[in-house]
Every structure is written in structure tokens, then in C-alpha cells.
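Enquirer: got a sequence here, can you model it:
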Amino acid sequence: MKDIYTQLLCKSEEAFIVGIELYNKPTIQYRIEGFSFFICNAWELMLKAYLIKNKGYQSIYYRDAPDRTISLDRCIQLVFTNKKDPLRRNLEKIINLRNTSTHFITNEYETIYIPLFQACVHNYTEKMLSFFAIDITQKISSNFLTLSVRLDSINTDDILARYPQDIAQKLIETISDINSSINDNESMRFAVHIRHDFYITKKQSEANATIGISKEASNAAFILKEVRDMQNICPFTTAQCIDLINKYISSQGINFINPNAKDTSKLSLFNKYHFNLFVKFYNLKDSNKYCYRYDRGSSAQYSYSNALIDFVCGEIKKDPQNIIANLKNNIKK
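Expert: Prediction:
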């Protein structure tokens, strides 16, 4: 049983990595379908390993057909019992896409599903860490966990003109369904919203792209630096960063010390105060590598990158027992 359990996890990791590599190759035309197949396979193998670990070997077989293992849908029902769980709903939508891919697929599906794909990638890495203490970034750099995507606008009239009526109608219904689901599920476990915001600033340090004005032309601008989607690069809230950092500390067996803990049960717990110490001391909000600022009404909000989580975890690992006290003392100076 131990050998099968290990094989399931190894194959799950391979399927996940193949899906990521396939999706991020610009010359592959089959990447939407291929990614949906491989990511579903990765989840199925991982969840079966989880069931074996917690319920025994027989739990992955149908009771009335002991020679058949259960489907991914059944695995999801057994592990994620809450039907409204954003993670479960995310997987169910991607399974529907995988099943649809056997009939037809269009270029527009990439734009429709990329928020769900990106959330699914983050969910998988998080569950491998929390279920099995496996850090997938040891095998594939966290930089590659951000899916490359071509975002084209979707126009209903263009769809109706481009496709036969049955396909066009199915595509329009899918767009409506996914958009409605995203609006109903603000959790990043269901969808990582991808949005491009542009504004003009004279402060080059705040810019992700720069332009030059040509005196020889009445209307001219030249892109001098590649535009980056910062909400895709920095998808994590403060709470999510803290959660992932605590899971890293736990999975690595790091003897982290919270010097201000009055409750002994929280002695090794990394909290928001500690996170803010790191952000303040290292000026992390000033770096586009680690942080993205966006305005909602009159207040500014921030999201953070995988690189920030890796940086904080690395600094904690160097001196887990003294890092918080040292940061606090140095900030006071």
C-alpha cells in the first residue's frame, strides 16, 4: 500500500508539472485542452493518495466493483464535502471543460478559463503542502506557477459570426456561466482575477512600462519595457501570505519563535504583526517584484507575490528563533 501511495503522489506531481509546462509553451495549440486533462489527472492522483492515507487502500475503489477505482468527481465529493467550497466549485468547472474538450474547443476558452486555471494551480500547490508537506516549488520554480496567457476581448457578435449557431450558443452560455460564478465567488480559491490597469505617472520607480513621446509625429508612443500583469504576478492577500508562510514553517519543521506570544499554543505561529515587520523593514511595498498596489475608492490595497513568500520564508529559516526580535529592534533604531 505504501508503494502505491508513493507512486500516486509522484505521478500526480509529474502530471501537474507537465500541465504547467504544456500551457506555458507558446507554440502549443493544444494547451487549453492539454492543461485541463493533466491538471485533472494531477488532482485525481493526489486525492486518491489522500484517501489511502486517511481511509485506507479500499477507499479508492467502488464497493460494487472492487477492480475499479473511483472517479475524480467522487474523490472530490469525499474529500471536499462542502458543495459550496470555492476550491470544489473550481475543480468542477475545470472537469466540465475537460469533458467538453472531447467535443469542441475554441480560442475564446483561454480567456474565459484562465482565472480558474490560475486558482487551480495555487490550490494544488497549497493542498500538496498541507496534505503531504510536499513543496512543489522544490521541483518547479514558483515563477513558473504563473500561467502565461493571451487575453483577447470577447465580443458576442464576433462569436455569432465566427461559429455555427450551436457552438456559438454553447460558448456564449459558458461565458455567462463562468462570469456569473466568478462574481458570486470572490474567493481566490475559485478564480484569480486577471485585470490590466494602466495609468500615467512621472515616477519611473512606480512604472511597469515606459513610453517616449516623439516630436516628429502628432500621435506616437513607443513601448520601451514589457508590460506585466501585476495582479497575476502578485495574487496573494496578506492573510493568504501568512497562511502559506505558517504552512511552510510547519512542513519544514522550523522552530520559529514568536517572542510576544502570551498563549503557548501560539508560540510558533507567524502572524500579521510579524508580516508587517518584514514589509516595513525591507520596504517590500516599494518593490514591484513583491507587491502590487491598487486603489479601491479612497483607500489603497495591496497584494503580494510568490517571490515575497519565498523571501520571508528564507529569512525565517536563517534565524527562526531571533528574526522577529531582530526586526523589531532594528526598526526602532
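
Enquirer: now the helices: where do they sit in the stretch 1-150 of the chain?
Expert: Taking DSSP state H, counting those that start in this stretch to define them, one finds helices in the stretch 1-150 of the chain at 2-23, 31-55, 72-79, 86-100, 108-132.

Enquirer: ok, of these, where does mean pLDDT dip lowest?
Expert: Note on the helices of the stretch 1-150 of the chain: lowest mean pLDDT is at helix 108-132, with a mean of 86.

Enquirer: okay, angle between it and helix 86-100 too, please.
Expert: Calculated by axes from the mean of the first three to the mean of the last three CA atoms, to 10 degrees, helix 108-132 forms an angle of 130 degrees with helix 86-100.

Enquirer: give the buried residues for helix 108-132.
Expert: 108-129, 131-132 (16 or more other CB atoms under 10 Å). (C-beta placed from N, C-alpha, C; glycine too.)

Enquirer: distance to Lys317 added to the helices of the stretch 1-150 of the chain, as JSON lines?
Expert: Putting those into JSON lines (distance: least, CB to CB, whole Å) gives the following:
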{"stretch": "helix 2-23", "distance to Lys317": "23"}
{"stretch": "helix 31-55", "distance to Lys317": "26"}
{"stretch": "helix 72-79", "distance to Lys317": "30"}
{"stretch": "helix 86-100", "distance to Lys317": "28"}
{"stretch": "helix 108-132", "distance to Lys317": "15"}
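
Enquirer: so which of the ones you listed gets nearest Thr146?
Expert: Nearest to Thr146, of all these, is helix 108-132, at 7.3 Å by CB to CB.

Enquirer: which elements pack onto the closest one?
Expert: Helix 108-132 is packed against helix 2-23, helix 31-55, helix 86-100, helix 165-184, helix 238-251, with contacts defined by 3 or more CB pairs under 8 Å, 6 or more residues apart in numbering; DSSP states H and E.

Enquirer: nearest to Asn306, of the ones you listed?
Expert: With CB to CB as the measure, helix 238-251 is the member of the helices and strands packed on helix 108-132 nearest Asn306 (8.9 Å).

Enquirer: the inter-axis angle of the following helix or strand past that closest one versus helix 238-251?
Expert: Next helix or strand after helix 238-251 toward the C-terminus (DSSP states H and E): helix 272-281. Interaxial angle, helix 272-281 versus helix 238-251 (the same axes, to 10 degrees): 100 degrees.

Enquirer: which positions within helix 272-281 qualify as buried?
Expert: For helix 272-281, by 16+ other CB under 10 Å, it's His274, Phe275, Leu277, Phe278, Val279.

Enquirer: Phe281 - nearest residue in space that isn't next to it in sequence?
Expert: Among residues not flanking Phe281 along the chain, Leu327 sits closest, at 5.0 Å (CB to CB, 6 or more residues apart in numbering).
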